[in-house]
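Q: Okay, here's the prediction I keep looking at, along with the sequence it came from:
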There are 2 protein chains.
Amino acid sequence: VKRKERSVAEYVKGVLNNDRTILAQAITLVESNAAKHMEMAQQMLNELLPYVGKSIRIGITGVPGAGKSTFIEAFGKFLCENGHRVAVLAVDPSSSITGGSILGDKTRMENLSRDPRAFIRPSPSGGTLGGVHRKTRETMLLCEAAGYDVILIETVGVGQSEFVVRSMVDFFMLLALTGAGDELQGMKKGIMELTDAIIINKADGGNKPKALAAKEEYNQFLHYLRPATPGWETKAYTCSALLGEGIPEIWQVIEKFVETTKNSGVFEMRRRNQLKDWIYSMIKDYLESSFFSHPQIKEKLPMIENNVIAGTLSVTKAVQQLLRIYENKKESE
Amino acid sequence: VKRKERSVAEYVKGVLNNDRTILAQAITLVESNAAKHMEMAQQMLNELLPYVGKSIRIGITGVPGAGKSTFIEAFGKFLCENGHRVAVLAVDPSSSITGGSILGDKTRMENLSRDPRAFIRPSPSGGTLGGVHRKTRETMLLCEAAGYDVILIETVGVGQSEFVVRSMVDFFMLLALTGAGDELQGMKKGIMELTDAIIINKADGGNKPKALAAKEEYNQFLHYLRPATPGWETKAYTCSALLGEGIPEIWQVIEKFVETTKNSGVFEMRRRNQLKDWIYSMIKDYLESSFFSHPQIKEKLPMIENNVIAGTLSVTKAVQQLLRIYENKKESE
């Protein structure tokens, strides 16, 4: 039996009551690429706008193996036990390529996913990073409207995903491995400069001395970098998600961060700029995809590029040709 | 008396003969924003395409006070005396704002500018960075066609200018001051990761020990970073432009770099990618400026942004509204 479709009013009411079934369906609506669903999703979001924005938004990144799942489980559990409600979202632009989201598996966080105070949502699948960005951002707003006051957005270090996550959170942390020197060399360019805290997990047992050494090495390196957030000194911390050690201290760091940036106005300013940047990036995405997905451009671009590389056509002339093709089709539409 | 305008054929012939007067006029033609001049400039460039691309393109950046002028003068002089012909260009996007290019003053490099084997061209003025980018790139091509085999492109660290210069050169170097720790902290994000060499100038007199210490500190820091060019280890070097010390060694480093990257294919691949990126960035610039400069968008954007920030309009709806305004005007044109 096909489920009766809900009205916008039903979605709004269900989300505000934190009906988890309806929240999940509302997210599915936001993730849909069907025109009708998109229209409904936008109506729903507009009605929920007065109820969003009151959470602390935290981005978490780190290479596979850095212990993101165990950290998020321990951190989320701690928050729930201290009166918070936690939503865990994921941005994983690789999921459409690898044929299965490595972040999508709720069983990774079995303990947390059973907690009624937590809500875990795997990565939206498919689409461009711009599309994933929109879906994740709007999912975050839905979770806020449903009363979750801490949003954790997880990402693997693939392509541009950290920059996208940084552009939607208040606080951004990097989960790092021990052996800082080696890891830093392989680390993606620019990622350290997005970071408000570096967390070295697995500081337990025989690994503890190495974790402490890595902390020192990261701190030494961070000393050279300009902080990601004005007025906030990015530092490295150790913890053991396994033993639960260091987890409360990390939450204290985040609380201190929120207090500091709210007092200085940086918190509010960042949120405003994020909204503006989101508008601009959606417009740019639209303009570019409208151009590069146009059939005649797709047909002609490789040949024109080859002529430029072969040295028989200047770049400016190539661009003029391409724009003429594009403008002509627009007029003839 | 108004100067008789030259034909495209005259420009082409003059540039190929390295007639410095005509070369300078050809650059002025490339820098002009008048439609007629742009058309002629593109014809000229297309005819010169078979003669371009044979130089070594070097980008040089550094904060004011790092000694860029004295370094370029000493380095350029050395190259000329060793059989090279050197063109010095500048990208200075701030010149239109500050009302006078700090790089535009030939008197800074009096000695070099009097050398017939060198050609110095100040920064093109005005326009967007995209426009400056095009003008500088096309000026570089003209200089190559005129037989200059080393192109030095200088930039101050303002805005996005280093990224633009990195996107048009083979080798990129950063002139740094002593006191690395202090400077690194204030350095623009991401700049170290563009760099193929760090040059600490002013390694002379009482400053020499400090320069050597800075070199060590930079090398230590560089150890953590992924190299800007695959297969090339970025290192710090000292020199004294004043005494001419260390200058030949820097040229040896660049020669080694060219040899290494030509053997590995990285040199050629980077040039190809730079051409493609240039096409894409020109198209993006055009699409964005066409959108954001549209009168109705300019009129409506601030209000729509304010509604988003006030929380009465969702970002997606805002973007839909803006795109509808834009598409309507296109249809009615």
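A: Yep, that arrived.

Q: Let me know whether the helix or strand hosting A:Ala24 sits next to chain B.
A: Applying DSSP states H and E as the criterion places A:Ala24 in helix A:20-31. No: using Cβ under 8 Å from any Cβ of the partner chain, helix A:20-31 never reaches chain B; the gap is at least 9.4 Å. C-beta here means a position set from N, CA and C on the backbone, and glycine is covered the same way.

Q: Pull the residues that contact that helix.
A: A:6, A:10-11, A:14-15, A:37, A:40-41, A:44-45, A:119, A:121, A:124, A:135, A:138-139, A:142-143, A:146 (Cβ atoms under 8 Å, 6 or more residues apart in numbering or on different chains).

Q: and those, which of them are in strands?
A: Applying DSSP state E to those, the entries found in strands are A:Phe119.

Q: For the stretch 51-200 of chain A, which segments are assigned as strands?
A: A:56-61, A:86-91, A:118-120, A:150-155, A:171-176, A:197-200 (DSSP state E, counting those that start in this stretch).

Q: quick one: which of these has the weakest pLDDT on average?
A: Mean pLDDT is lowest for strand A:86-91 out of those, coming in at a mean of 91.

Q: that older thread, now mean neighbour count and distance to chain B too, for the strands of the stretch 51-200 of chain A, in CSV please.
A: Listed next are the strands of the stretch 51-200 of chain A as CSV, based on neighbours: other Cβ atoms under 10 Å in any protein chain shown; distance: least, Cβ to the nearest Cβ, whole Å:
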stretch, mean neighbour count, distance to chain B
strand A:56-61, 24, 15
strand A:86-91, 27, 17
strand A:118-120, 24, 21
strand A:150-155, 24, 17
strand A:171-176, 25, 12
strand A:197-200, 25, 13
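
Q: Now distance to B:Tyr51 too, for those strands, in a markdown table please.
A: Listed next are the strands of the stretch 51-200 of chain A as a markdown table, based on distance: least, Cβ to Cβ, whole Å:
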| stretch | distance to B:Tyr51 |
| --- | --- |
| strand A:56-61 | 48 |
| strand A:86-91 | 48 |
| strand A:118-120 | 62 |
| strand A:150-155 | 48 |
| strand A:171-176 | 49 |
| strand A:197-200 | 51 |
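
Q: Nearest to A:Met282 among the ones you listed would be which one?
A: Closest approach to A:Met282 among those (Cβ to Cβ): strand A:86-91, 15.8 Å.

Q: From the contacts of helix A:20-31, keep the buried residues only.
A: A:6, A:10-11, A:14-15, A:40-41, A:44-45, A:119, A:121, A:124, A:135, A:138-139, A:142-143, A:146 (16 or more other Cβ atoms under 10 Å in any protein chain shown).

Q: Among those residues, name the ones in helices.
A: Mapping these onto helices (DSSP state H) picks out A:10-11, A:14-15, A:40-41, A:44-45, A:135, A:138-139, A:142-143.

Q: mind showing which ranges of the stretch 151-300 of chain A have poor pLDDT?
A: For the stretch 151-300 of chain A, the stretches with pLDDT under 70 are A:157-159, A:179-186.

Q: ok, for A:Ser253, nearest residue in space, not its chain neighbours?
A: Quick fix: residue A:253 reads Val, not Ser. Nearest residue to A:Val253, sequence neighbours excluded (Cβ to Cβ, 6 or more residues apart in numbering or on different chains): A:Ala197, at 5.9 Å.

Q: Appreciated, that's everything.
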